[in-house]
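>>> Task: produce atomic coordinates for the following.
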Amino acid sequence: MIFFGSLLRAPHPYSEHSNFRALLHVAIERLCQRYKLALSLAVCLCLAAPVHASHPDVLLEAKIPKVSVTTDNTAAANKPNGNKVNDSNAAIDTPYNKDTLTIENVKNINGLAPASLWQPELSEPSLYALLDAEFAADRDDKRRAVAIYKQQSFKEDATAVFERALSLSLRNERVEDSLQFAKTWQDQNPDHVPAWFYVAHLALRAHDYILAGETLNRILRYDPRADLSEILIGIYPNNDDDKRELLAALQPLDSEQNASLSVLKAGLLYQFNEPEVAIVHINRALERQPDYVPFITLKADILRKIVTAETVINYVSQARLRNPDSKSLYLYEIRYLLDLKQSEQAWKLLLEAHSRFSDDAEITLLAALVSLDIEKYASADKLLNMLAKSPAYLDQAYYYLGISAERQQKFDKAKYYLNGVMQEDLVLEARRKVVAFEMLDNNTNAAIATLEKLRKDFTVFEPDTFVMQADILWQQNESDEALRLLTRAARKYPDNEMLLFARAQLLDDKEDYVIKRTLLNHLQALDPSNLSYQLSYAQLLLANERSSEQGLALATAIIQIRYDDPRYDNDLHLQALNVLASNALAKKNYKQVIDYLQTPYDVLPTLRSGSLLLRAYQGLGDNQKVEDLLVDLQQRFSFGQHNINDSIQLY
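Numbering: from 1, shown residues only. Just a heads-up that it's a prediction; the model follows:
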């Protein structure tokens with residue numbers, strides 16, 4: 001406090017305020033114990049020497065935090081002769097739009113009393129005002145803090161105050177308001193180079209691409225090689241219209257000597273499918289920074305549109321050899337090889353990367369997964385056991401060790417690893433596999449015990465475990481017990497759609513028609529776009545009325561969904577075909593059954609589809625087809641004649 005005290009005791013032309021200063025000094029001494037940070041910041045800002053940058057690389061030393069962009073694209077306009085706002089009682093949250101924020105009227109920002117009422121008007125920033133602003137910020141009165149700082153920033157030698165004002169503005173106001181303030185300040189301080197950078201960055205974030213282009217052009221005229229990386233961070237547009245506007249604003253700018261601007265142009269041109277032009281700009285950027293990995297990978301992306309895959313791989317490989325410690329280049333080449341279905345080459349490169357980056361868990365995991373994919377199980381198990389030594393990757397290692405053991409048909413070993421998985425996003429699928437293994441051994445009690453333990457350890461998965469347990473009971477011909485279990489679970493979770501749907505599936509289409517229809521109508525009301533609910537409802541309607549137009553329409557709509565439609569589901573498509581084929585079989589329309597199912601059965605045979613086809617060929621009296629299909633079903637599904645007949649009776 002000695003330095004601050006000497007400030008107050010220093011001679012000052014406004015001596016009539018000496019008594020007031022003495023009182024203020026005592027008050028500040030008391031307040032400073034609570035507001036040390038605010039006080040020191042205000043003093044530093046008030047005493048800071050003006051920053052006259054000699055090079056545009058000198059940016060705001062304290063990083064300005066980013067805020068989300070809003071919709072107003074209006075740039076701030078400098079109106080030095082704008083109308084003053086004299087209403088000192090106006091709301092503090094009145095927007096600082098282009099009609100109110102000017103150099104003159106900023107001295108009387110809404111909600112602040114004129115400075116002359118509480119202090120003499122000074123040409124330089126007032127320490128008392130800055131203290132007031134910092135105390136306001138500390139009390140979470142952000143609007144007042146911003147307003148005072150903006151007011152003080154337009155005085156002489158107030159560069160540091162401007163930067164603090166802009167920082168507070170970005171935290172608490174729309175980006176358009178911050179841009180307008182920065183532009184107004186920059187117009188009053190045209191030689192302050194860092195302000196050009198602030199304005200350019202904020203204009204880009206506010207989608208004011210005309211102002212951004214003008215300001216960037218000004219910077220490039222000042223220094224064609226200026227580092228624009230800070231300006232371009234976080235400004236990439238999300239929609240095509242904004243991207244086109246940005247590209248239009250950048251096109252006239254001479255970016256030949258500026259790598260940052262060249263790469264931005266290249267990225268936009270690449271997205272607009274102009275790779276031949278984009279490659280010119282990315283090459284310019286690479287001339288300046290030939291080994292900068294993001295530039296290299298962008299060029300590789302562009303090359304993928306205009307040259308062969310082999311050329312792209314050669315380019316990336318050469319870049320990787322020049323940058324042997326670049327993990328990113330290894331991963332880029334590996335993933336590109338995987339995209340090309342060249343898994344063996346990708347695996348070999350992964351092993352090389354693993355040798356170089358032996359402590360990198362991401363590389364180790366990826367190498368293990370590709371090893372699994374190409375059935376190199378010894379390699380996969382070795383890598384996964386190494387990964388299991390890391391606590392952060394233990395669950396993933398155990399999960400994939402279980403998958404590896406499963407594929408090698410080592411089911412006891414698979415159960416051991418999968419039972420050890422405790423990571424929430426993996427545990428449900430791991431236990432589902434354990435239950436399937438127990439059921440393969442016909443060990444129902446162990447399967448149910450696994451589900452009960454999962455319910456106890458992870459209550460979030462209780463509904464899932466009830467559904468799986470009901471399925472086990474159904475497989476054991478205990479449908480009534482399964483239904484009772486789901487009914488009890490539904491009372492505990494009345495709004496859980498999975499439980500409601502599983503319960504509906506167990507109800508008989510004819511005997512429980514009213515209850516099942518009520519449940520399915522309720523589910524469709526909860527999720528009208530759910531195709532599974534619609535198909536189940538179609539099956540219910542057709543089971544009770546073979547000519548139900550609504551049932552036929554629902555099932556037909558599902559099989560008409562194209563494979564490239566996001567809603568397409570292969571299993572659901574086949575189920576819908578089976579529903580329609582079952583209905584056609586009930587009407588003795590055997591040819592229709594074959595039209596529905598023969599091709600799907602050839603591609604992806606299932607017992608139900610095969611059984612329906614068998615009945616259709618029997619109806620047509622095609623004994624050769626019946627004999628051939630019966631042999632196929634017996635071979636594929638290990639069913640004897642009596643099993644096939646029992647299966648047929650279900651449909």
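>>> which intervals of the stretch 51-200 of the chain have sub-threshold pLDDT?
Applying pLDDT under 70 to the stretch 51-200 of the chain flags the ranges 51-122.
>>> Tell me which stretches of it form helices.
Counting by DSSP state H, counting those that start in this stretch, the stretch 51-200 of the chain has helices at residues 127-138, 142-153, 159-172, 175-188, 193-205.
>>> Packing partners of the first one?
Taking 3 or more CB pairs under 8 Å, 6 or more residues apart in numbering; DSSP states H and E as the contact definition, the neighbouring helices and strands of helix 127-138 are helix 18-32, helix 36-47, helix 142-153. In short, each C-beta sits where N, CA and C put it, glycine included.
>>> Report the inter-axis angle for it versus helix 142-153.
160 degrees (axes from the mean of the first three to the mean of the last three CA atoms, to 10 degrees).
>>> what distance separates helix 127-138 from the centre of its chain?
Its chain's average C-alpha position is 39 Å from that of helix 127-138, according to CA atoms, centre = their mean, to the nearest Å.
>>> surely residue 203 meets residue 211?
Yes. Contact criterion CB atoms under 8 Å: residue 203 and residue 211 qualify, at 4.2 Å.
>>> These two: which has the busier surroundings?
residue 203 (29 against 22; other CB atoms under 10 Å).
>>> Now render the helices of the stretch 51-200 of the chain as CSV, adding distance to residue 543.
Shown next, in CSV, are the helices of the stretch 51-200 of the chain (distance: least, CB to CB, whole Å):
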stretch, distance to residue 543
helix 127-138, 70
helix 142-153, 65
helix 159-172, 63
helix 175-188, 60
helix 193-205, 59
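>>> Of those helices, which stretch is the most buried?
Compared across these, helix 193-205 shows the largest average neighbour count, a mean of 26 (mean count of other CB atoms under 10 Å).
>>> Tell me what angle that one forms with helix 175-188.
Interaxial angle of helix 193-205 relative to helix 175-188 (the same axes, to 10 degrees): 150 degrees.
>>> Regarding residue 225, which helix or strand does it belong to?
Residue 225 is part of no helix or strand when elements are defined by DSSP states H and E.
>>> now the spatially closest residue to it that is not a sequence neighbour: how far from residue 228?
In space, and not counting its chain neighbours, residue 225 is closest to residue 257: 5.4 Å by CB to CB, 6 or more residues apart in numbering. Separation of residue 257 from residue 228 (CB to CB, to the nearest Å): 12 Å.
>>> who's more crowded, these two?
Taking other CB under 10 Å, residue 257 and residue 228 do not tie; residue 228 has more neighbours (23 against 15).
>>> show me the contacts for the more buried one.
200, 216, 219, 258, 260-261 (CB atoms under 8 Å, 6 or more residues apart in numbering).
>>> all helices for the stretch 551-651 of the chain, in order.
570-586, 590-603, 607-620, 623-637, 641-649.
>>> For burial, what's the neighbour tally of residue 315?
17.
>>> Residue 599 now?
Applying other CB under 10 Å, we find 11 other residues in the vicinity of residue 599.
>>> and if you look at residue 580?
Neighbours of residue 580 under the rule other CB under 10 Å: 24.
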